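In: how would this look folded up:
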Amino acid sequence: MIRDTHEGLEAEPGGKAAPGAAHGNGGYGRTGIWLIGARGSVATTAVIGLAAIASRLVKPLGCVTEQDAFDGVCLPDYADLVVGGHDISGVSILKRGEKLAEAGMVPAHLFESVRAQLQEADGRVRPGYDPAGAPEPQAEAVRRLAGDILAFRETNGLRRVIVVDVASTEAPPAQLDEYCDSGLLREALEDPARSVLPASSVAAYAAVLAGSPYICFTPSVALNIPALYELAGASRVPTAGQDGKTGQTWLRSVLAPALAARGLHVLSWAGTNLLGGGDGATLADSRAVSGKLLSKNRGLRELTGGAVTPLHIDNVPDLGETKVAWDHIHVEGFLGSRLTIQTTWTAYDSMLAAPMILDLARLMALADAAGETGHVGALGFFFKDPWGSAEHSFAQQVNNLVHWAQEASSRISSRAGKEKQ
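Out: The predicted structure is shown next:
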């Protein structure tokens, strides 16, 4: 489904199946979830959770798509979801799961119950693109990764494959002329002496080239390169991002509109994150953390009109998979009075992120079946820095998501009815 042309990389016509032509439950059949960073903590937790839910060992608590508002919305079943992915790590999903169970994050008995499913999923993981690895022209890397996704779909008899980037945060790249000119970008990708795209963008391009809907759950640059987004547009797949809104930012998006609704003025909003594990180590790098801070603060600035004290993120290795977040909010009220709000929460961040991955995969399958293309703004509900939407108020995002899901599902049902006539 991928070919070389004199102009460079190009999606083969027909590589993306026609919307609404699915089969099986709800018209979906088997749906693939292809995880970029498949052997990381978030991905492994999602795989454990999916296996446990599909096996009816646990209820899908924490999954948004299980709420009453989604009754009647056409979504693929958990049992019809198949996981594969890319990773540059040699630590298997099974080994990562063992570590999460040893840390007390995942119940040991649950891990043992889905051990076989984790082993199966890891067997579908392929080597990702590693900029620090053996030299590989980026155009070849894109073709290789796209080929892996297509092979996954074909081998497993999948109707569609949803690609989700849950890899580690990368440092923002320096701006290049190629980022604003698709022709120059094509040429640069074919040049074996150059590596112009960050790893997240190589993976994102491969996803859309394979005709797969793409979700960016990280603050990495991914499709946020004008020339790359232009090239991706030719594949006409739905896309969503960016940077999963798991905890602190989610709470901020609830509190800030509530304060505004009461006519209160935020003077300052200071925050601190303490975290360990792989995320803590990655974000200890000043360049890598810069993109994360920008993403986390943008929504709050929009909601408060800019009255924000910068957020701090600190690596505390002994916390492991646990994340601690603290906020101090200083508010001016009636007759110049002062109000102070402090919030503190502690959680396993991967446990907050994992159900969102499952929700996003199911909803993106809905978007694809309904014929959506480009950024799906309603999925901004899940993100700190939503693509295709300027809305940051969580209450409004809830309304937007539910309305969109119901409308998209109606489109699929209507199309199916006409095809039967």
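In: helices of this protein, start to end?
Out: Counting by DSSP state H, the chain has helices at residues 41-54, 93-102, 108-113, 115-122, 138-155, 182-190, 199-209, 226-233, 248-261, 277-283, 286-304, 349-369, 394-420.
In: next one: the longest one to chain centre, how far?
Out: In this case it means helix 394-420. How far helix 394-420 lies from its chain's middle: 21 Å, per C-alpha atoms, centre = their mean, to the nearest Å.
In: name the helices or strands packed onto it?
Out: With contacts taken as 3 or more C-beta pairs under 8 Å, 6 or more residues apart in numbering; DSSP states H and E, helix 394-420 sits against helix 248-261, helix 349-369. Placement of C-beta: from N, CA and C, glycine included.
In: give the buried residues for it.
Out: By neighbour count with 16 or more other C-beta atoms under 10 Å, helix 394-420 contains the buried residues 394, 397, 400-402, 404-405, 408-409, 411-412, 415-416.
In: got those residues as a markdown table, with distance to residue 335 columns?
Out: A markdown table is the format used below for the buried residues of helix 394-420 (distance: C-beta to C-beta, whole Å):
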| residue | distance to residue 335 |
| --- | --- |
| 394 | 30 |
| 397 | 33 |
| 400 | 36 |
| 401 | 39 |
| 402 | 39 |
| 404 | 42 |
| 405 | 45 |
| 408 | 48 |
| 409 | 50 |
| 411 | 52 |
| 412 | 55 |
| 415 | 59 |
| 416 | 60 |
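In: return the member of the residues you listed nearest to residue 242.
Out: Closest approach to residue 242 among those (C-beta to C-beta): residue 397, at 14.3 Å.
In: that closest one reaches residue 391, doesn't it?
Out: Yes: with contacts counted by C-beta atoms under 8 Å, residue 397 reaches residue 391, the gap being 5.8 Å.
In: list residues touching both of those two?
Out: residue 380 (C-beta atoms under 8 Å, 6 or more residues apart in numbering).
In: related to what we said a few turns ago, looking at the helices and strands packed on helix 394-420, which is closest to residue 135?
Out: helix 349-369 (32.3 Å).
In: before we move on, the earlier item: highest mean neighbour count out of the helices and strands packed on helix 394-420?
Out: helix 349-369 (a mean of 25; mean count of other C-beta atoms under 10 Å).
In: and that one with helix 93-102, angle?
Out: With axes from the mean of the first three to the mean of the last three C-alpha atoms, to 10 degrees defining the directions, helix 349-369 sits at 140 degrees from helix 93-102.
In: what is helix 349-369 packed up against?
Out: strand 31-36, helix 41-54, strand 81-87, strand 160-165, strand 214-216, strand 238-241, helix 394-420.
In: count the residues that sit near residue 370.
Out: By other C-beta atoms under 10 Å, 21 other residues sit near residue 370.
In: okay, the helices and strands packed on helix 394-420 in a markdown table with mean pLDDT and distance to residue 49 next?
Out: Listed next are the helices and strands packed on helix 394-420 as a markdown table, based on pLDDT from 0 to 100; distance: least, C-beta to C-beta, whole Å:
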| stretch | mean pLDDT | distance to residue 49 |
| --- | --- | --- |
| helix 248-261 | 92 | 19 |
| helix 349-369 | 96 | 5 |
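In: let me have these in CSV, adding distance to residue 105 as columns.
Out: Formatted as CSV, those follow (distance: least, C-beta to C-beta, whole Å):
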stretch, distance to residue 105
helix 248-261, 19
helix 349-369, 7
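In: and of those, who's closest to residue 239?
Out: Closest among those, once you apply C-beta to C-beta, is helix 349-369, at 8.8 Å.
In: out of the helices and strands in this structure, which is least certain?
Out: strand 2-5 (a mean of 44; mean pLDDT, DSSP states H and E).
In: check contacts around the residue nearest the centre of the chain.
Out: Centroid-nearest residue in the chain: residue 217, 2.4 Å away (criterion: C-alpha atoms, centre = their mean). Residues near residue 217 by C-beta under 8 Å, 6+ apart: 42, 164-166, 241-244, 353, 356-357, 360.
In: what's the answer for residue 32, then?
Out: So residue 32 contacts 81-84, 152-153, 156, 158, 160-162 (C-beta under 8 Å, 6+ apart).
In: buried subset of these, written for ChimeraX?
Out: To isolate the buried ones among these in ChimeraX, judged by 16+ other C-beta under 10 Å, type:
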select :81,82,83,84,152,153,158,160,161,162
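In: and the contacts of residue 32 as TSV, adding distance to residue 137 and pLDDT?
Out: Formatted as TSV, the contacts of residue 32 follow (distance: C-beta to C-beta, whole Å; pLDDT from 0 to 100):
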residue	distance to residue 137	pLDDT
81	33	98
82	30	98
83	29	98
84	24	98
152	23	98
153	25	97
156	29	97
158	29	97
160	29	96
161	24	98
162	27	98
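In: format the contacts of residue 32 as TSV; extra columns: distance to residue 277.
Out: Below are the contacts of residue 32 laid out as TSV (distance: C-beta to C-beta, whole Å):
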residue	distance to residue 277
81	26
82	27
83	21
84	24
152	28
153	32
156	31
158	31
160	32
161	28
162	25
